[in-house]
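Visitor: Got a sequence here, can you model it:
(chains A and B)
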Amino acid sequence: MSVLVYTENWDGKFKKLSFELVSYASAIAKELGTNVTALSIGNVDDDELTKLGGFGATKILNVADDRFTSLDNKALSKAVANAAQAEGAKVVILAHNNLGKALAPRLAVKLDAGLVSGVTALPSGFDPFIVQKKTFTGKAFANAQIDADVKVLTFSQNSYKLAETDNNATIESFDAGVSDADFSTRVKETNKVTGTVLLTDAEIVVSGGRGMKGSENWGGLEELAELLGAGLACSRPVSDEGWRGHSEHVGQTGKIIAPNLYFAFGISGAIQHLGGVSSSKVIVAINKDPEAPIFESADYGIVGDVFKVLPQFIEGVKEL
Amino acid sequence: MKVLVLISNVPDTTTKIRFTEDNTAFDSSGVQWIINPWDELALTRAVELKEAGAIEKVSVANVGGKITEPTLRKALAIGADDAFRVDAEPLDAFFVAGQLTEVAKDYDIVLAGIEASDYNGSAVGGMLAELLDFNSVSAVSGLNIEGGELVINREIDGGSQVLSCAAPVVLIVQKGIAKEPRIPAMRGIMMARKKPLNVIPAMDGSNKIKFVNYEMPPPKAACKLVDEDNAKELIAMLHEEAKVL
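Guide: The predicted structure follows:
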C-alpha cells in the first residue's frame, strides 16, 4: 500500500505545483501510515528527481521514455495505472490541470477507483474517505465521500502549502508496460508560448476589463506585469472584442486561476468572472464605479480612474 | 461520420447557489436550466461541421429525468438531428458514463464539454472513452475534418498543439472550439418539435462517490479602500500588510 503522486515535468523540470502535490500526498500518506511514491514520466535527470524527496516522497519511479512527449491520454493513463498497481496504491494524486484532468477519469476506470476532481484540502476523514472540492465554479464547496477501495484525486493548485523535509528518496527506473499500439494520437505541430509568464502558473496576475477602453491602453498593464513578473489576463468582454487573445480570458468559461495576488483593472466583477478568480488569495480592484460587484470580493480597492492609478502603482512597485 | 454531443443540464450561470436540507442538497427551486456552456460550444461546432458537409449526423445525449427535456429540445433547435435521454438520476460521473455507453458506442466522434458548470467534475468524457476503449483528447480548442482525417487543436500547459487522432474518439472540448454558441432560430425551434427525442431506460449501474454536504465559501472581510490620489499607499500595504509583494 502507498500513495502515488504523478509529478508532471515541463522540459525536464518540475514546478512549484509538482512540489505542492508531493507535500499534499505526504500529508495523506502520514495519516494512512504509509509512504509516498512519485511517478515521473519523461526525461528528467536525477538531480531534479531528487528534489521530490525533499517534499516527502520516499521512492521515485522514473519512466524515461521519449514516446510520452506526445501526451497521449491512452498511453499515459495506462502508464500511471501500471505504476499504481505495481505500488499497490490506495490513493493516486494528479494535478487539476490540463493533463491531470485528461488522465484522471481514464485512470479511475482502469483502477475501479472513485474520482474526486479539484480537491481543495486534505481529506476531513479517512473512514469513510471524505474530501472537499469546489463546485458551482467556486461558488460553493462540496464534501465528497468516496466509496471505493482506490481513490483518485486531482488537486487544485495553491490549495496546500509546500512542506520541505530532509528526507531522501530512492530513484528506480520503471517499465511503464506501454506498447506502441497504445499511442493513438500523432502530434503535427507544437506551439510553445515563450517569454511570457504562464497564467495558470503565475503567483501574481494583472488583469484588465472593459474599463481599459481599448487594446491601445494595455501598455501600463504590460509594464506593471513585467515589473512584478506577473501573468497578464483579461475579462470576457475584452477577449470577445478582440482587444486581447482568448488565451488571456479568465472567468467561468475561460481559464480558472488561483494566484497569490490578482489585480483587476476596470473589471466590474460579473459572477462569471469571479468564478474564475475567486480562489485568488488577495484581490485588488480598481474601478470608477463604487457599486461594482468586484468590490464585494476584493480585499483592497480604489474607487477611481484606472489611468490615474496605474502610473502610481508602477512607481510604487519600482520603489519597493 | 456521426457525432454525439454529451449534454449536461445545469443551472444558469448567474444562479445564486443555495442548498436545502441542512446543506445536503442543491436547492433547485426557481432555477433556470441551460445547456452547460462548454457543451453548447461543442454542439455549435458539430452543427457547423455538418453544415459544411464534413459529417453526416449530429446527435445529443443526456442522463437525467424528464426535467432535462427542455434542454435537449433546445439542443435540437440549435441543430442536432436527434436526442437521447437515458432515464436515470445522474448519481456521479462514473454512473453517468456507464449509462451513456450504449448510446455512444456506435458514434465516430463523441464531444463532451471540459467540465459541467455545476459539479465541475471534468470526468464523464474521459470515463466514457475508457469504458468504450475509444481514444481521447482533452482541452480541445479546435476541430476540423480534412479528407476524413480529424485535425485537432489542443491546449497544453504553456502552448498549443495540432494533432491527428483516429476515430472512434472522445474529444473533451473547451473555449475556442466554436466562436459563439449558436442561438436557435424560430425555424429551428419549430423543427425541433418534430425531431426524435428518444427515452432510453436506465441500465444497472452504481456510483463510487457521493456528495455528503455543501459549504459556502467563508464571507470576505470588507474591502479596504485607498484614495485614488494615494494609490502608491496600496502597493505599500500589499508589501507590508498582505505580504504578497
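Visitor: Show the pLDDT at B:P217.
Guide: On pLDDT, B:P217 comes in at 86.
Visitor: so where does it fall, helix or strand?
Guide: B:P217 is part of no helix or strand, with elements assigned from DSSP states H and E.
Visitor: can you give me the helices for the stretch 1-150 of chain A?
Guide: Under the criterion DSSP state H, counting those that start in this stretch, the stretch 1-150 of chain A contains helices at A:16-32, A:46-53, A:73-87, A:98-110.
Visitor: hey, which of these is tucked in deepest?
Guide: Neighbour counts (mean count of other Cβ atoms under 10 Å in any protein chain shown) averaged over each of the helices of the stretch 1-150 of chain A peak at helix A:98-110, with a mean of 26. Every residue, glycine included, has its C-beta placed from N, CA and C.
Visitor: what packs against that one?
Guide: Applying 3 or more Cβ pairs under 8 Å, 6 or more residues apart in numbering or on different chains; DSSP states H and E, one finds that helix A:98-110 contacts helix A:73-87, strand A:89-95, strand A:114-119, strand A:151-155, helix B:93-104, helix B:124-132, strand B:135-146, strand B:149-156.
Visitor: So for the longest helix along chain B, what gets flagged as buried?
Guide: Under DSSP state H, the helix in chain B containing the largest number of residues is helix B:37-51. Neighbour counts over helix B:37-51 (16 or more other Cβ atoms under 10 Å in any protein chain shown) mark B:37-50 as buried.
Visitor: what's the angle from it to helix B:124-132?
Guide: Counting by axes from the mean of the first three to the mean of the last three Cα atoms, to 10 degrees, helix B:37-51 lies at 60 degrees to helix B:124-132.
Visitor: ok so, going back, among the buried residues of helix B:37-51, which one sits closest to chain A?
Guide: Set against chain A, the nearest of the buried residues of helix B:37-51 by Cβ to the nearest Cβ is B:P37 (5.3 Å).
Visitor: The residue lying closest to that closest one once chain neighbours are set aside - how many residues pack around it?
Guide: Using Cβ to Cβ, 6 or more residues apart in numbering or on different chains and skipping residues adjacent in sequence, the residue nearest B:P37 is A:T253, 5.3 Å away. Around A:T253 there are 24 other residues, counting by other Cβ atoms under 10 Å in any protein chain shown.
Visitor: Same check on A:T137?
Guide: A:T137 has 25 neighbours, counted by other Cβ under 10 Å.
Visitor: Now do the contacts for it.
Guide: Counting by Cβ atoms under 8 Å, 6 or more residues apart in numbering or on different chains, A:T137 touches A:Q252, A:I256, A:G275, A:G276, B:T13, B:S117, B:N120.
Visitor: Just to check, the second one is in contact with A:V250?
Guide: Yes. A contact is recorded between A:I256 and A:V250 when judged using Cβ atoms under 8 Å, the distance being 7.3 Å.
Visitor: So for these two, which sits in the more crowded spot?
Guide: Using other Cβ under 10 Å as the criterion, A:I256 and A:V250 rank with A:V250 on top: 28 against 23.
Visitor: if we can go back for a sec, quickly check the contacts of A:T137 for the two that are furthest apart.
Guide: Farthest-apart pair in the contacts of A:T137 is A:I256 and B:T13; separation 13.5 Å (Cβ to Cβ).
Visitor: what is in contact with the two at once?
Guide: A:T137, A:G275.
Visitor: And the residue of the stretch 101-250 of chain A that's closest to chain B?
Guide: The nearest approach of the stretch 101-250 of chain A to chain B comes at A:P105, 2.9 Å away (Cβ to the nearest Cβ).
Visitor: Spit out the contact partners of that residue.
Guide: Residues near A:P105 by Cβ under 8 Å, 6+ apart: A:L115, B:A93, B:A97, B:S122, B:A123, B:V124, B:G125, B:G126, B:M127, B:A129, B:E130.
Visitor: In terms of pLDDT, where does it sit?
Guide: For A:P105, the pLDDT comes out at 98.
Visitor: Could I get the contacting residues of the spatially closest residue to A:A75 that is not a sequence neighbour?
Guide: Distance criterion Cβ to Cβ, 6+ apart; nearest residue to A:A75, sequence neighbours excluded, is A:D182 at 4.2 Å. By Cβ under 8 Å, 6+ apart, the contact set of A:D182 is A:D72, A:K74, A:A75, A:K78.
Visitor: let's see 10 Å
Guide: Counting by Cβ atoms under 10 Å, 6 or more residues apart in numbering or on different chains, A:D182 touches A:R67, A:D72, A:K74, A:A75, A:L76, A:S77, A:K78, A:A79, A:A176.
Visitor: gap between it and A:L76?
Guide: Distance, A:D182 to A:L76, by Cβ to Cβ, to the nearest Å: 9 Å.
Visitor: list residues touching both of the two?
Guide: Here A:D182 and A:L76 have A:R67, A:A176 as joint contacts, going by Cβ under 10 Å, 6+ apart.
Visitor: what helices or strands is the helix or strand A:L274 falls within leaning on?
Guide: Assigned by DSSP H and E, A:L274 belongs to helix A:271-277. Counting by 3 or more Cβ pairs under 10 Å, 6 or more residues apart in numbering or on different chains; DSSP states H and E, the packing neighbours recorded for helix A:271-277 are strand A:204-208, strand A:231-234, helix A:236-240, strand A:261-265, helix A:294-297.
Visitor: could you give the mean pLDDT of the helix or strand following it?
Guide: From helix A:271-277 onward toward the C-terminus, using DSSP H and E, the following helix or strand is strand A:282-287. For strand A:282-287, mean pLDDT is 97.
Visitor: Strand A:282-287 versus strand A:204-208: what angle between them?
Guide: 20 degrees.
Visitor: Partner strands of strand A:282-287 and their direction?
Guide: The partner list of strand A:282-287 in its sheet, established with DSSP bridges, is strand A:261-265 (parallel), strand A:300-303 (parallel).
Visitor: Out of those strands, indicate the one that is most buried.
Guide: The highest mean neighbour count among the strands paired with strand A:282-287, using mean count of other Cβ under 10 Å, belongs to strand A:261-265: a mean of 28.
Visitor: tell me how far that strand is from the chain's mean position?
Guide: How far strand A:261-265 lies from its chain's middle: 18 Å, per Cα atoms, centre = their mean, to the nearest Å.
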